[in-house]
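Peer 1: could you work out the structure for the sequence below:
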Amino acid sequence: MAHLSGSERARYVQGMFARIARRYDLMNHLMTAGQDVRWRREVIRRAALPQGGLMLDLGAGTGDLAREALHQSPGSTAVAADFTLEMMLVGKQHPASRLVWSAADALYLPFAAEHFEAVVSGFLLRNVSDLPQALAEQRRVLKPGGRIVALDTTQPPSAWTPGSPWENLFTPLIQIHLHTIIPALGRLVTGDAEAYRYLPDSTESFLRAEDLAEGMRAAGFRQVGFRRLMLGTVAIHWGTK
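Peer 2: Model (predicted):
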């Protein structure tokens with residue numbers, strides 16, 4: 001699961017998302033109490049896609065971010081790219097889908113350099129087997145001045161670490177949600193509790209928000225920032241090429 005690396009991790013993640021594709025959006029809504037809809041709106045606002053612009057939704061899943069981009073910027077074009085066919089097939093059945101779909105590996109994007117005004121992602125970065133390579137590829141396909149915006153899980157702020165005044169208040173809530181509620185919901189809604197044990201594992205092993213921001217700067221992005229959400233377990237990161 002979260003301890004896997006390289007091609008083994010990629011195969012595991014791809015198979016997991018293939019199994020849960022049909023209930024993926026429903027589970028996202030349930031796990032976040034519907035807040036994921038608001039988060040995606042903010043991701044697209046921060047992408048600042050110009051009218052007539054071209055945006056890449058990477059690791060698009062069923063295309064929620066791409067559809068939100070067309071809602072906020074109707075004259076734009078949104079490419080929804082993913083490496084799990086089953087997720088894209090579910091997304092293509094959406095009645096309001098006017099997206100351009102593309103099979104794509106986040107580490108080796110099949111797009112020309114300086115092609116997009118914005119690249120966005122939702123819960124992609126914690127799943128890639130080589131984060132610096134994924135960030136480098138996103139920067140490569142962005143036009144100068146283009147924006148990257150990523151919604152993902154993150155470790156809670158350091159102020160909530162064991163022994164801090166916040167620990168007794170927030171840590172039990174976070175642990176119950178991650179390790180009890182989410183797997184139980186996953187088993188009930190999708191019949192696949194294993195996939196939703198992967199979520200807390202990958203969340204707790206992923207970078208702190210500050211470290212991901214530093215990784216984005218190291219990849220060459222400027223004006224990097226982030227905002228924490230949901231008791232600090234989710235964050236939106238952004239930057240400019």
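
Peer 1: distance between the longest strand anywhere in the chain and the chain's centre?
Peer 2: Counting residues, the longest strand in the chain under DSSP state E turns out to be strand 142-153. Taking CA atoms, centre = their mean, to the nearest Å, one finds strand 142-153 lying 12 Å from the centre of the chain it belongs to.

Peer 1: go on, stretch 63-79?
Peer 2: Centroid displacement of stretch 63-79 relative to its chain, using CA atoms, centre = their mean, is 16 Å.

Peer 1: each with direction, which strands does the helix or strand harbouring residue 238 pair with?
Peer 2: Secondary structure assignment for residue 238, by DSSP states H and E: strand 234-240. Applying DSSP bridges, strand 234-240 is found paired with strand 142-153 (antiparallel), strand 222-229 (antiparallel).

Peer 1: and the residue lying closest to residue 58 once chain neighbours are set aside, which of the three is it?
Peer 2: Nearest non-adjacent residue to residue 58, counting by CB to CB, 6 or more residues apart in numbering: residue 121, 4.7 Å away. Glycine gets a C-beta too; all of them are placed from N, C-alpha and C. Three-state assignment for residue 121 (DSSP: H, G, I helix; E, B strand; the rest coil): strand.

Peer 1: how close does residue 121 sit to residue 191?
Peer 2: 27 Å (CB to CB, to the nearest Å).

Peer 1: which of those two has more neighbours?
Peer 2: residue 121 (26 against 11; other CB atoms under 10 Å).

Peer 1: and the more buried one, how far from residue 82?
Peer 2: 10 Å.

Peer 1: what's the answer for residue 211, then?
Peer 2: Counting by CB to CB, the gap from residue 211 to residue 82 is 26 Å.

Peer 1: need the residues that contact the longest strand of the chain.
Peer 2: In this structure, residues lying in contact with strand 142-153 by CB atoms under 8 Å, 6 or more residues apart in numbering are 39-40, 43-44, 46-48, 65, 114-126, 135, 138-139, 199, 202-203, 206, 212, 216, 221, 233-241.

Peer 1: so where do the helices sit in the chain?
Peer 2: Taking DSSP state H as the test, the helices found in the chain are 6-20, 24-31, 35-47, 64-72, 85-92, 131-141, 167-176, 182-190, 195-205, 209-218.

Peer 1: any idea which of these is most buried?
Peer 2: Neighbour counts (mean count of other CB atoms under 10 Å) averaged over each of those peak at helix 64-72, with a mean of 22.

Peer 1: re the thing from before, looking at the strands paired with strand 234-240, which one is packed in the most?
Peer 2: strand 142-153 (a mean of 21).

Peer 1: next, the angle from that one to helix 64-72.
Peer 2: Counting by axes from the mean of the first three to the mean of the last three CA atoms, to 10 degrees, strand 142-153 lies at 120 degrees to helix 64-72.

Peer 1: hmm, which helix or strand of this protein has the shakiest average pLDDT?
Peer 2: Sorting the helices and strands of the chain by mean pLDDT, DSSP states H and E puts helix 167-176 at the bottom, at a mean of 62.

Peer 1: check whether residue 178 really touches residue 199, as I assumed.
Peer 2: Yes - counting by CB atoms under 8 Å, residue 199 is a contact partner of residue 178 at 7.2 Å.
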